[in-house]
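J.: sequence first, predicted coordinates after that:
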Amino acid sequence: QVQLAESGGGLLQAGGSLRLTCAASGRTFSTMGWFRQAPGKEREIVAAIGYSGGRTYYADSVKGRFTISRDNAKNTVYLEMNSLEPEDTAVYYCAGSLGTLYSGNYYQTRNYDYWGQGTQVTVSS
């Protein structure tokens with residue numbers, strides 16, 4: 001059974017930092033991504049990473065503040081979030097793609113095959 005389990009969410013003040021963890025089990029994924037969904041908004045890409053870690057992609061809104069990484073030995077992907085803003089408040093989802101994604105399609109939810117249940121991140125001003 002394939003599962004993605006996120007952890008590390010929480011409530012914090014603006015300017016703070018959090019590290020989200022997504023532990024995958026049941027199989028490995030070529031590309032892994034983090035998405036987020038705020039109330040009343042569509043799910044949007046935050047960051048994605050290729051299998052070797054050599055390719056990473058970020059939404060413009062988080063560039064320079066967030067860092068995605070993965071540990072294939074642990075089948076785990078991380079999202080380090082710094083300088084958090086109230087606008088970052090959302091449920092954060094981990095997703096795994098069986099295929100290799102690139103700059104033209106990494107941001108599309110339909111290209112990911114498995115999803116976690118999400119973890120809430122709330123940033124107060």
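T.: Everything's here; your move.

J.: only C-alpha atoms from now on, for both contacts and neighbour counts.
T.: Noted.

J.: so which residues of the chain form strands?
T.: Counting by DSSP state E, the segments of the chain that form strands are 3-7, 10-13, 18-25, 31-37, 44-49, 56-58, 66-71, 76-81, 90-97, 114-115, 119-124.

J.: which helices and strands does the second one pack with?
T.: Translated: strand 10-13. The contact analysis (3 or more CA pairs under 8 Å, 6 or more residues apart in numbering; DSSP states H and E) places strand 10-13 against strand 119-124.

J.: same deal with the last one?
T.: Judged by 3+ CA pairs under 8 Å, 6+ apart, the packing partners of strand 119-124 are strand 10-13, strand 90-97.

J.: report the inter-axis angle for that strand versus strand 90-97.
T.: Calculated by axes from the mean of the first three to the mean of the last three CA atoms, to 10 degrees, strand 119-124 forms an angle of 150 degrees with strand 90-97.

J.: and what of the first one?
T.: Here strand 3-7 points in a direction 150 degrees away from that of strand 90-97 (the same axes, to 10 degrees).

J.: then the fifth one?
T.: Angle between the axes of strand 44-49 and strand 90-97 is 50 degrees (criterion: the same axes, to 10 degrees).
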